[in-house]
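Q: Here is a sequence together with a model predicted from it:
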Amino acid sequence: MTDRVHDPNEWLRFLEAAAQVRFGEARTLALAEELRTMAQSIARILAEPLDFDDEPPADLLSERHSR
Amino acid sequence: MDVTLQLPLREIPARIRQRQLSAREFVRATIEYIERTDAHLQAWVEIDRDGALREAERLDLLAARGTVLPLHGVPVGLKDVIDVAGLPTRAAFAPLGDRPAQADAAIVARLRELGAVVLGKTHTTQLAFADPAPTRNPWVPDRTPGGSSSGSAAAVAARQVPLAIGTQTAGSVVRPAAYCGVVGFKPSLGWFPLDGVVPLAWSLDHLGLFARSVEDVAYAYVALRAHQRLELPLLSEPPRLLLLVDFLELAESEVAEHLQDVARRFREAGARVEERRLPVDVQQLLAVHHVIMFGEMGALHQQALERSPDAYGPRLRAAVEVGQIVPTGALLHARRLRRRLAALLEDFLAQADAALLPTASGPAPDRSTTGDRRFQAVWTLLGTPAISVPSGLTRDGLPLALQLVGRYGHDRRLLNVAAWAERILPALPPPPLA
């Protein structure tokens, strides 16, 4: 997966497989469009490199409150 | 319609102070008007007639003793995801049942402290997501009023109530405001505690306000924030605005042309309006919002979906299910990106008084949907204040609106800019269903 992290098709296969296990065949079919758009969103954001030290996963709200 | 129902917000306590208006008579007239007009509009889930009249009587006694509060006698509608003690919070989701809330949400307690009269609950889409509410658009009944704060927007537009409260996790305040031709204000993220509000996605949820004018919204906002001065000072000079080309390119042609015309009017009135592009791709911002919103919704509904899958509307169920299989790594990556994007956009927005864009990509669509969230979700993600101001009508007579966006925490400045803009724009007439 690591070298194909930008590929929405790879993510779509991942999400479809997860949906099959979690919700079954019929729901996976019903979710087709939502799975496709989520795969695109995941691929798009993971294509953006981050600086692990300087960009922790802090919550924006608590950070802004602490200003 | 009784002309007093059209009074500016600040006029209601002023007239009560001068004994030209009684809170009880005003509230009674408001309820009777709602009862006459709501069968078709369907903005309200429930009116607390007895409770509202009792509270209005108490306020009249208080006024007789010389105490008049900033929102004294102002009737207010609450989106039905907000707890009001003694009334059920149904959120259009059957598993929540009809059990009355034990206590007021923080925003309701504050409204009561200011003298507002809680009239009742307005319709929401299911759990404030995207399965349409029964509410009609007061301009054209076969169009959506927008969502998720459908009833709050429609009730204010139809002159049923001068002030209503909604929530926004993507575009649920400013978009329905735009579709219904009223002012909708989503202040900065965290501007008011969300205690007693049914969550949708906890890190994105905001409370927001609906009223008929920027002046009314500003008056209520300033009172709620307990600022000492209830007047917003006028801008000393016309504002500097960044017209966001990215959104003009995504908008329907009539909307884009309209906003260019609005920008021309603003320039003629002395504003500096510069066409600019965002420093980041809009699609990137929307992807981050999408992953966070669905991921948080999935987590929130982990148990409820197991228990009651059939209680979910199709859109909500799909979003929750997809949210439950979003990889944790992607959700954390999205949160980290959100911080970076917020910092980038903070610098961008600091270059002017506000950014200017259409509130929505087009006018209200049909009632099978609540509309396009792309133009609003970006600002919800970033937590910046955003306000929708009616700016005209389409050739088919549907409202159009501009959106102004300010820097995080600069909410009052944004209201100043919006008040300036509103003075340049033609006032909309009341909608046909008012």
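A: Sure thing, it's come through. From a predicted model like this one, the values you see are computed outputs, not experimental measurements.

Q: now the helices: where do they sit in chain A?
A: Assignment of helices within chain A using DSSP state H yields the ranges A:8-30, A:32-46, A:60-65.

Q: Output the contacting helices and strands for the first one.
A: With contacts defined as 3 or more Cβ pairs under 8 Å, 6 or more residues apart in numbering or on different chains; DSSP states H and E, the packing partners of helix A:8-30 are helix A:32-46, helix B:314-324. Every C-beta, even on glycine, is put in place using the N, C-alpha and C of the backbone.

Q: so where is the chain shaky, pLDDT-wise?
A: Using chain A here. A:1-3, A:52, A:57, A:61-67 (pLDDT under 70).

Q: please go with chain B instead
A: Those would be B:1, B:227-231, if you go by pLDDT under 70 across chain B.

Q: how about the residues of it near chain A?
A: B:188-190, B:203, B:283-284, B:286-288, B:290-291, B:294, B:318-319, B:321-322, B:324-327, B:329-330, B:332-340, B:342, B:383, B:408-409 (Cβ under 8 Å from any Cβ of the partner chain).

Q: Any idea what B:Gly120 is bridged to?
A: On the basis of DSSP bridges, B:Gly120 is bridged to B:Ile47, B:Gly77.

Q: How many residues are close by it?
A: 24 (other Cβ atoms under 10 Å in any protein chain shown).

Q: still on that earlier bit, mind putting the helices and strands packed on helix A:8-30 into TSV with mean neighbour count and distance to B:Ala218?
A: Below are those laid out as TSV (neighbours: other Cβ atoms under 10 Å in any protein chain shown; distance: least, Cβ to Cβ, whole Å):
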stretch	mean neighbour count	distance to B:Ala218
helix A:32-46	20	36
helix B:314-324	22	34
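
Q: export these to JSON lines and tack on distance to B:Ala101?
A: JSON lines is the format used below for the helices and strands packed on helix A:8-30 (distance: least, Cβ to Cβ, whole Å):
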{"stretch": "helix A:32-46", "distance to B:Ala101": "32"}
{"stretch": "helix B:314-324", "distance to B:Ala101": "22"}
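
Q: how about these, which one is nearest B:His72?
A: Checking the helices and strands packed on helix A:8-30 against B:His72 by Cβ to Cβ gives helix B:314-324 as the closest, at 38.6 Å.

Q: now the closest one against helix A:32-46, angle please.
A: 40 degrees (axes from the mean of the first three to the mean of the last three Cα atoms, to 10 degrees).

Q: which outside residues touch the helix or strand just after helix B:314-324?
A: Per DSSP states H and E, the first helix or strand lying C-terminal to helix B:314-324 is helix B:328-349. In this structure, residues lying in contact with helix B:328-349 by Cβ atoms under 8 Å, 6 or more residues apart in numbering or on different chains are A:42, A:45-46, A:48, A:50, A:55-60, A:63, B:203, B:242, B:276, B:278-280, B:284-285, B:287-288, B:291-292, B:295, B:355, B:381-384, B:405-408.

Q: taking these one by one, which sit in strands?
A: Judged by DSSP state E, the subset of the contacts of helix B:328-349 located in strands is B:Leu242, B:Arg276, B:Ala355, B:Val405.

Q: Pick the one among those residues closest to chain A.
A: Distance to chain A across the ones in strands among the contacts of helix B:328-349 (Cβ to the nearest Cβ) is lowest for B:Val405, with 15.9 Å.

Q: give the contact list for that closest one.
A: Contacts of B:Val405 by Cβ under 8 Å, 6+ apart are B:Leu349, B:Ala354, B:Ala355, B:Leu357, B:Trp379, B:Thr384, B:Pro385, B:Ala386, B:Leu414.

Q: Which secondary structure elements does the one helix or strand the fourth one maps to sit against?
A: Counting by DSSP H and E, the element that carries B:Leu357 is strand B:354-358. Counting contacts by 3+ Cβ pairs under 8 Å, 6+ apart, strand B:354-358 is packed against strand B:240-244, helix B:245-250, helix B:253-268, strand B:399-405, helix B:411-424.

Q: returning to what we had before: the ones in strands among the contacts of helix B:328-349: which two are farthest apart?
A: Maximum distance among these (Cβ to Cβ): 12.2 Å, for B:Arg276 and B:Val405.

Q: got any residues that touch both of those two?
A: B:Ala355.

Q: What is the burial count for the closest residue in space to B:Ala256 that isn't next to it in sequence?
A: Spatial nearest neighbour of B:Ala256, excluding adjacent residues (Cβ to Cβ, 6 or more residues apart in numbering or on different chains): B:Leu248 at 4.5 Å. The criterion is other Cβ under 10 Å. On that basis, B:Leu248 has 19 neighbouring residues.

Q: Does B:Gly406 touch B:Gly383 like I think?
A: No. Using Cβ atoms under 8 Å, B:Gly406 is not in contact with B:Gly383; the gap is 11.3 Å.

Q: rewinding a little: tell me how far the residue nearest to B:Ala256 lies from chain A.
A: 22 Å (Cβ to the nearest Cβ, to the nearest Å).
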